[in-house]
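[1] test case, fold it:
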Amino acid sequence: MPNEGKRLRAARGRYDRLARHTLAEALALAKSMAGAKFDETVDLAVRLGVNPTKADQMIRGAVTMPRGTGKSRRIAVFAKGDKAKEAKDAGADAVGAEDLVEKIQAGWMDFDVAVSAPDMMGQVGRLGKVLDPRGLMPNPKSGTVTFDLAKAIREIQAGKVEFRVDKSGIVHAPVGKASFAADALLENATALLEQLIKMKPASVKGVYLRGVTVSTTMGPGVKVDPAALTASAAA
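    Presented below is the predicted three-dimensional model:
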């Protein structure tokens with residue numbers, strides 16, 4: 001590809017991109033090819049055997065990475081009264097009610113995760129066109145619509161990652177940084193896959209985990225052997 005940098009082309013030449021690996025091997029290989037000047041994020045792309053147009057097969061949730069994500073995340077919380085104080089005391093970066101809604105409507109987006117008290121969702125719903133395309137709309141399924149704001153904030157700070165399947169049936173999620181030890185990346189990636197397996201819809205027939213690709217921010221994708229995934233899931 002003419003737009004690929006020399007480093008990425010060199011990385012592609014160091015491995016067989018059609019080969020399938022165990023999850024541990026794929027993570028180690030992707031980690032070894034991370035050569036950017038910054039600490040690259042390690043991502044998993046998980047292809048599921050679901051039909052996202054069916055409501056019961058729209059996979060959306062969250063998982064707390066046992067070894068963290070290596071990234072601090074800015075948290076915005078929609079709350080008022082005592083709940084606003086709870087959120088501030090728990091370390092939220094921005095807390096507000098109608099004023100925060102209006103601030104975001106005006107274009108402010110300086111946050112990575114949004115959490116809301118349930119009684120604020122009527123107002124937060126007005127931000128759907130802004131937040132939803134970015135995957136930032138608070139949702140009960142991911143634990144970001146809750147009255148226990150302190151707990152939600154602690155979990156996010158500890159490495160909680162939200163995910164949802166896209167129109168192609170793929171879930172993308174970060175599982176750490178290239179600087180992480182191999183066993184830490186494997187533990188995080190396994191936690192994500194186990195959570196996805198738990199969420200398999202009853203209506204899905206046939207193969208559910210159809211494939212996983214591991215990559216770093218600037219690196220090529222490394223494919224995981226679906227058979228190895230199935231064996232791990234059954235273990």
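
[2] need the three-state assignment for residue 126.
    Secondary structure assignment for residue 126 (DSSP: H, G, I helix; E, B strand; the rest coil): helix.

[3] in which helix or strand does the nearest residue to it once chain neighbours are set aside reside?
    What sits nearest to residue 126 in space, not counting adjacent residues and going by Cβ to Cβ, 6 or more residues apart in numbering, is residue 101, at 6.4 Å. Yep, even glycine has a C-beta here, placed from its N, CA and C like the rest. According to DSSP states H and E, residue 101 maps onto helix 98-105.

[4] go through that helix and flag the buried ones.
    The neighbour-count criterion (16 or more other Cβ atoms under 10 Å) identifies 100, 101, 104 as the buried residues of helix 98-105.

[5] include pLDDT and distance to residue 162 when you put those residues into JSON lines, please.
    Below are these laid out as JSON lines (pLDDT from 0 to 100; distance: Cβ to Cβ, whole Å):
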{"residue": "100", "pLDDT": "98", "distance to residue 162": "19"}
{"residue": "101", "pLDDT": "97", "distance to residue 162": "20"}
{"residue": "104", "pLDDT": "97", "distance to residue 162": "18"}
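
[6] for residue 130, state which of those residues is nearest.
    When those are compared for distance to residue 130, the smallest value, 6.3 Å, is given by residue 104; criterion: Cβ to Cβ.

[7] how about that closest one, what does it touch?
    Listed by Cβ atoms under 8 Å, 6 or more residues apart in numbering, the contact set of residue 104 reads 76, 127, 130, 131.

[8] all strands of the chain, in order?
    Counting by DSSP state E, the chain has strands at residues 41-48, 60-64, 75-78, 94-96, 113-116, 160-164, 170-177, 209-216, 222-224.

[9] nearest to residue 203, out of the ones you listed?
    With Cβ to Cβ, the closest approach to residue 203 among the strands of the chain belongs to strand 41-48: 12.7 Å.

[10] on that earlier part again, would you list the contacts of residue 104 in JSON lines and tack on pLDDT and neighbour count?
    JSON lines is the format used below for those (pLDDT from 0 to 100; neighbours: other Cβ atoms under 10 Å):
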{"residue": "76", "pLDDT": "98", "neighbour count": "25"}
{"residue": "127", "pLDDT": "97", "neighbour count": "20"}
{"residue": "130", "pLDDT": "96", "neighbour count": "14"}
{"residue": "131", "pLDDT": "96", "neighbour count": "18"}
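
[11] report the two of those residues separated the most.
    76 and 130, at 12.1 Å, using Cβ to Cβ across the contacts of residue 104.

[12] who does residue 165 bridge with?
    Beta bridges link residue 165 to residue 171, judged by DSSP bridges.

[13] that one: neighbour count?
    When counting by other Cβ atoms under 10 Å, one arrives at 22 neighbours for residue 165.

[14] residue nearest the centroid of the chain?
    Computing the C-alpha centroid of the chain and ranking residues by Cα atoms, centre = their mean puts residue 173 first, at 3.4 Å.

[15] so residue 139 makes contact with residue 61?
    No: at 9.0 Å, residue 139 does not count as touching residue 61 under the criterion of Cβ atoms under 8 Å.

[16] so which of the strands of the chain comes closest to residue 16?
    Set against residue 16 and scored by Cβ to Cβ, those come closest in strand 222-224, at 9.6 Å.

[17] show the average pLDDT along the closest one.
    With pLDDT averaged residue by residue, strand 222-224 scores 94.

[18] how far is that strand from where the chain is centred?
    When distances are taken as Cα atoms, centre = their mean, to the nearest Å, strand 222-224 is centred 18 Å away from the chain's centroid.
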